[in-house]
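Visitor: The following comprises the amino acid sequence and a computationally predicted model.
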Amino acid sequence: MPAEPPGTAWQLVPAADDHPSDLWAVGGDLEPGTLVAAYRLGLFPMPVEGVVGWFSPRRRAVVPLDGARRSRTLRRAAAGYEIRVDTAFREIVAGCARPGAPESWIDDSIVEAYAALHELGWAHSVEAWDDAGLAGGLYGVAIGGLFAAESMFHTRTDASKAAYVALVERLRATGDADRRLLDVQWLTAHLASLGAVEIDRAAYGRRLDDALRLVSPFT
């Protein structure tokens, strides 16, 4: 079971359904108690001009677990990797950071914050390995039936997809697949190809409230 961190010093509230921006608030900290409280409210952090920004997308990308696409080609590609969980968490986050890339948002503060969550049992990595070593993977935060996927990367073909397939299978295997919530934040063409769809903020809040009642598949 994950260890409950000390409570946050900040007053957090969920984003209003009619709030016109994906960015809900700025400020605060990345302490474990703040992060866990934020995810329970449907918020996630990203740096914004040197401070913490808290986001709640108006249109949230989620993966329906009964609709996640696992084509024969993808399953065959995934079969070429050994899947491990939580054996190289920092390496996965570092790989996702892509140092020097202009779109990278994972800075040192994010790395340390999620490493602390990992030590407490809230953040997890799903890793694809081959004979040459770590080939790719993903990481995210698991609270009850919520898995909030933060980022993924690969250095070899289909490694991140292999980790994604393994994550979906793990979430499905726990039961209550229709109530579990695989959150991927914003919809992209790549995520849509893997089965992600958009729902509005109000619908996400209802799904989240229900998912948090379930048992995490990472306990």
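Guide: Structure received.
Visitor: longest helix in the chain, by residue count?
Guide: For the chain, the helix that runs over the most residues, judged by DSSP state H, is helix 159-173.
Visitor: List the contacts of W24.
Guide: By CB atoms under 8 Å, 6 or more residues apart in numbering, the residues touching W24 are A15, L43, W54, F55, S56. Backbone N, C-alpha and C define where each C-beta goes, glycine included.
Visitor: Which strands border the lengthiest strand in the chain, and is each parallel or antiparallel?
Guide: In the chain, taking DSSP state E as the definition, the longest strand is strand 133-143. Note on strand 133-143: by DSSP bridges, its sheet partners are strand 123-130 (antiparallel), strand 146-154 (antiparallel).
Visitor: Turn these into TSV, columns for mean neighbour count, mean pLDDT and distance to P6.
Guide: Below are those laid out as TSV (neighbours: other CB atoms under 10 Å; pLDDT from 0 to 100; distance: least, CB to CB, whole Å):
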stretch	mean neighbour count	mean pLDDT	distance to P6
strand 123-130	24	97	17
strand 146-154	22	96	21
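Visitor: okay, the ones you listed in TSV with distance to L167 next?
Guide: Supplementary listing: the strands paired with strand 133-143 in TSV, determined by distance: least, CB to CB, whole Å:
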stretch	distance to L167
strand 123-130	5
strand 146-154	7
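Visitor: Need the per-residue pLDDT for G100.
Guide: G100 carries a pLDDT value of 52.
Visitor: helices and strands around the longest helix of the chain, which ones?
Guide: Applying 3 or more CB pairs under 8 Å, 6 or more residues apart in numbering; DSSP states H and E, we find helix 159-173 packed against helix 72-78, strand 82-85, strand 123-130, strand 133-143, strand 146-154, strand 181-185.
Visitor: can you tell me which residue is nearest the centre of this protein?
Guide: Computing the C-alpha centroid of the chain and ranking residues by CA atoms, centre = their mean puts A149 first, at 1.4 Å.
Visitor: now the residue lying closest to it once chain neighbours are set aside: how far from D86?
Guide: Of all residues not flanking A149 in the chain, G140 sits nearest, at 4.1 Å (CB to CB, 6 or more residues apart in numbering). The spacing between G140 and D86, counted by CB to CB, to the nearest Å, is 12 Å.
Visitor: ok, these two, which is more surrounded?
Guide: G140 (25 against 15; other CB atoms under 10 Å).
Visitor: who's the more buried one bridged to?
Guide: Beta-bridge pairing of G140 under DSSP bridges involves H124, A149.
Visitor: okay, now G121: neighbour count?
Guide: 16.
Visitor: same question but for L138, I mixed them up
Guide: Neighbours of L138 (other CB under 10 Å): 27.
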